[in-house]
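> What follows is a predicted protein model with its sequence.
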Amino acid sequence: MGWPFVWLFYIWSEHVGRVLNFMDLLIKNATLVDPAEKREGRFDVAIKDGKVAQVASHIKGKADKTIEAKGRLLCPGLIDMHTHLREPGYEGKETIETGCRAAAAGGFTTIACMANTQPVNDNAMITEYILNQARRLNHVTVLPIGAISHGLKGEILADIGDMTHEGCVAISDDGSTIMNAALMRKALEYAKSFNIFVISHAEDASLAGEGDMNEGPLCTLMGLKGIPNASEEIIIARDIFLSELTRCPLHIAHVSTREGVNLIREAKKRGVKVTAEVTPHHLILTEEAVKGYNTNAKMRPPLRSATDVRAVQQGLKEGVIDVIATDHAPHSSADKDVEFSKALNGIVGLETAVPLTYTLVLKKVISLRQWVASLTQKPAKILGLKNKGTLRVGADADFTIIDTKASYTIDSKNFVSKSTNTPFDGWKVHGRVLITAVKGRLIHGT
Amino acid sequence: MEGMVSVSFKKKDLLSIEDLTKNEISFILDTAASMKKVSTERFIKKVPTLRGRTVINLFMESSTRTRTSFELAAKRLSADVLNISPSTSSITKGESLRDMALNLEAMHPHIFVIRHAMSGAPQLFSQYTNASVVNAGDGAHEHPTQALLDMLTIQEHKGKIKGLNVGIVGDITYSRVARSNIHALRKMGAHVIFVGPATMIPSGIEKLGAKVSHNLDSILSKVDVLMMLRIQQERQDKTNFPNVREYSRYYGLSKARAKLLKQDALIMHPGPINWGVEMAFEIADDPRFVVMEQVTNGVAVRMAVLYLVGTRGEGA
């Protein structure tokens, strides 16, 4: 047979394939929630070549693999726009590999990682290193966030253009605040020129100082140093004004205070290009968790009062706060089993975010659709990911299947992450991630 | 002493006054009153109560009075005492408090007495040891034996604590003495007023059941006890008050201010005193100045505490 026959056979087989509907993967009878497509209900989803091929109430045809998902929640792959992967530099706490595997175990298919590694991700070489590690692992999608300032020192701008060119999706000095307003203004202007946005860690360093926990009666009782709400609000207000001045999109990381939510609400009404995120722990825990000098409840911003917790929940419900982001911050026992004032800030979050925040759906604080949107559609939009955060036909076949009825007890010993610094050990929760898939390939569950 | 053990004190540790009940405080004070006789009435100032027991004084922050007081207390109870200070310990080699606790625990001591610059450190330490832990002052959190010796001093002079008005003047934000005292005084039924500029009054202190005043003169005639706190110049952010002269002018106990106090008021201070700052030199001669009695009672209270946690109410 000569080449025309080969060619004809190829055309024919393609045709037959389409008619007979050969698929790589078919998800049957799932309870699909895809806020971007306004789809909610029982659907079949067909996947071919790593893309969503078809979404319909009933899909016929042959697939290499079929997942029966009756009664299970199917949503676009979850996106966490705030993680700390610790590599390079702090591989004892987490590596890009363990962080990615923890993400997959927690239902996340895309994660954005902060720049406070050692060395800092303030130049294209580090960005390239992170992306190479992720590429080699070929697992969840890793989106690096570059530093705003060189060495996170808040003095001069990092190589923002180079890092963007290499693949950074945003810039942030997360972990510390750019205290110089003029530098923050320049960061916003410069970021805008490269079509990326700026993430603000909003905490006035002079007010927050060496603070240990939320300022208030409990802090006074425990003899710890307080961090007032105003430390966050002052910087949120400043950065909103700077975003207005520069017309550069601004994202406020881990909002924790009531007045912080109010400032963002007013700014959005005025049309400022500001978005915001809240962490699962700021949605669920109050400062009471610190009692007994529990260093696994020590983080920046600190856990706040019950009034603040209600306000961030309300902010999420209204859409003032767009996104749930974990602020996954792994630390080893050497950094946490120490005197409270000496302990480092942060907790792991990738593997507990789904069950913890699903509580808000069960308690009817937010709807199921809002919950899914805050973990998929909305972070995808902020990060400018056109083919993620939705299961529309043609989009990347990143998806997460969750058994929302399953209840279990959180046990940090079972974490995939290298670190176990969580205040949620022993909590009884609902919502187990069964399957996580990136571009049609199962990376967690079977 | 054996007779007293019938009302037992079962706590392994003394970490804070907040943890104690009114009855436990009273029981410690009663025990201290009999312990005091060992120091003041006997020629041979030693009883065999804690013979064969080891007390480790772990003072991670400088201290003369409290460390000496604990050491004497332990020795008067016949315990074997070891002193560890930061400059001679493996802390300088970067050993964590946890590892230090585990290593010392492996040598099977009976009691640790811990002073530490960070709040909550004795609580952390107690998680890693089966021995008793006595808090000798942790950060700005608590200094329980100081409050107990203050209660003993007040009780000796006033015959009671209930119903008294107590003014505590100075840097409340950084003061573990103030925190232990508010718990003790409230539990014993006294009324407490904190006095100082707002920069030294921590947020939410009213929720602990105290009143707050920024005007020292306005409270002097009303109080039965006036506790002056030390201006911890080594700890002050420079912004808490403009300078020592101005602090002294508005919040120091001058001779003129002392005249406004009741005839039978008590003037107390946890020491060491910055003479001329929170207290004028002349106050030392005031008959109401009971600071040296506080020091004497410190040994008695610490003997009581070591005895009670060391025997866990089981008797020697």
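That came through, no problem.
> switch to C-alpha atoms for all contacts and neighbour counts from now on
Noted.
> Name the nearest residue to the most centrally placed residue in chain A, sequence neighbours excluded.
The structure's chain A has its C-alpha centroid closest to residue A:80; by C-alpha atoms, centre = their mean the separation is 1.5 Å. Leaving aside its sequence neighbours, residue A:80 sits nearest to residue A:111 (C-alpha to C-alpha, 6 or more residues apart in numbering or on different chains; 4.7 Å).
> So what sits opposite that neighbour in the bridge?
Judged by DSSP bridges, the bridge partners of residue A:111 are residue A:80, residue A:142.
> isn't it right up against residue A:81?
Yes - using C-alpha atoms under 8 Å, residue A:111 is in contact with residue A:81, at 5.6 Å.
> Roughly how far does residue A:298 sit from chain B?
Distance of residue A:298 to chain B, computed by C-alpha to the nearest C-alpha, to the nearest Å: 13 Å.
> what does the stretch 201-316 of chain B put close to chain A?
Residues of the stretch 201-316 of chain B found near chain A (C-alpha under 8 Å from any C-alpha of the partner chain) are B:202-205, B:207-208.
> Save these as JSON lines, and put in pLDDT and neighbour count too.
JSON lines is the format used below for those (pLDDT from 0 to 100; neighbours: other C-alpha atoms under 10 Å in any protein chain shown):
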{"residue": "B:202", "pLDDT": "93", "neighbour count": "21"}
{"residue": "B:203", "pLDDT": "87", "neighbour count": "19"}
{"residue": "B:204", "pLDDT": "89", "neighbour count": "16"}
{"residue": "B:205", "pLDDT": "91", "neighbour count": "22"}
{"residue": "B:207", "pLDDT": "89", "neighbour count": "13"}
{"residue": "B:208", "pLDDT": "88", "neighbour count": "16"}
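> which one of these is nearest chain A?
Among those, residue B:204 lies closest to chain A (C-alpha to the nearest C-alpha), at 4.1 Å.
> From the contact counts, what lies against the longest helix seen in chain B?
In chain B, taking DSSP state H as the definition, the longest helix is helix B:291-311. Using 3 or more C-alpha pairs under 8 Å, 6 or more residues apart in numbering or on different chains; DSSP states H and E, the elements in contact with helix B:291-311 are helix B:22-40, helix B:65-76, strand B:111-116, strand B:132-138, helix B:144-158, strand B:266-268.
> try 6 Å this time
Judged by 3 or more C-alpha pairs under 6 Å, 6 or more residues apart in numbering or on different chains; DSSP states H and E, the packing partners of helix B:291-311 are helix B:22-40, helix B:65-76, helix B:144-158.
> Measure how buried the residue nearest to residue A:80 is and give me the count.
Neighbourhood size, residue A:111 [other C-alpha atoms under 10 Å in any protein chain shown]: 26.
> now residue B:213
When neighbours are counted by other C-alpha under 10 Å, residue B:213 registers 17.
> what separates it from residue A:161, distance-wise?
Distance check for residue B:213 against residue A:161: by C-alpha to C-alpha, to the nearest Å, it reads 56 Å.
> Is it correct that residue A:290 is in contact with residue A:297?
Yes - here residue A:290 reaches residue A:297: they are 5.3 Å apart, a contact under C-alpha atoms under 6 Å.
> Quickly note the distance from residue A:246 to residue B:112.
Taking C-alpha to C-alpha, one finds residue A:246 at 59 Å from residue B:112.
> Specify which residue of those two has the higher count of neighbours.
Comparing residue A:246 with residue B:112 by neighbour count (other C-alpha under 10 Å), the higher total belongs to residue B:112, at 30 against 16.
> which residues does that one form a beta bridge with?
Where residue B:112 sits in a bridge, its partners, by DSSP bridges, are residue B:56, residue B:133.
> Now do it against residue A:338, distance only.
Distance from residue B:112 to residue A:338, by C-alpha to C-alpha: 18 Å.
> next one: residue B:34
Residue B:34 sits 39 Å away from residue A:338, going by C-alpha to C-alpha.
> of those two, who's got more company?
residue A:338 (22 against 16).
> For that one, grab phi and psi.
phi -140, psi 180 (degrees, to the nearest 10).
> And the pLDDT at the nearest residue to residue B:96 once chain neighbours are set aside?
Ranked by C-alpha to C-alpha, 6+ apart and with sequence neighbours excluded, the top spatial neighbour of residue B:96 is residue A:338, at 7.0 Å. Listed pLDDT for residue A:338 reads 96.
> do the same with the one 10 residues further on
Each residue has a pLDDT score; the one for residue A:348 is 98.
> ok, it - contacts?
A:328-330, A:421-422 (C-alpha atoms under 6 Å, 6 or more residues apart in numbering or on different chains).
> returning to what we had before: looking at residue A:290 and residue A:297, which is more packed in?
Higher neighbour count among residue A:290 and residue A:297: residue A:297, with 26 against 23, using other C-alpha under 10 Å.
> my guess is the more buried one meets residue A:288, correct?
No - at 9.0 Å, residue A:297 and residue A:288 do not qualify as touching, with contact defined as C-alpha under 6 Å.
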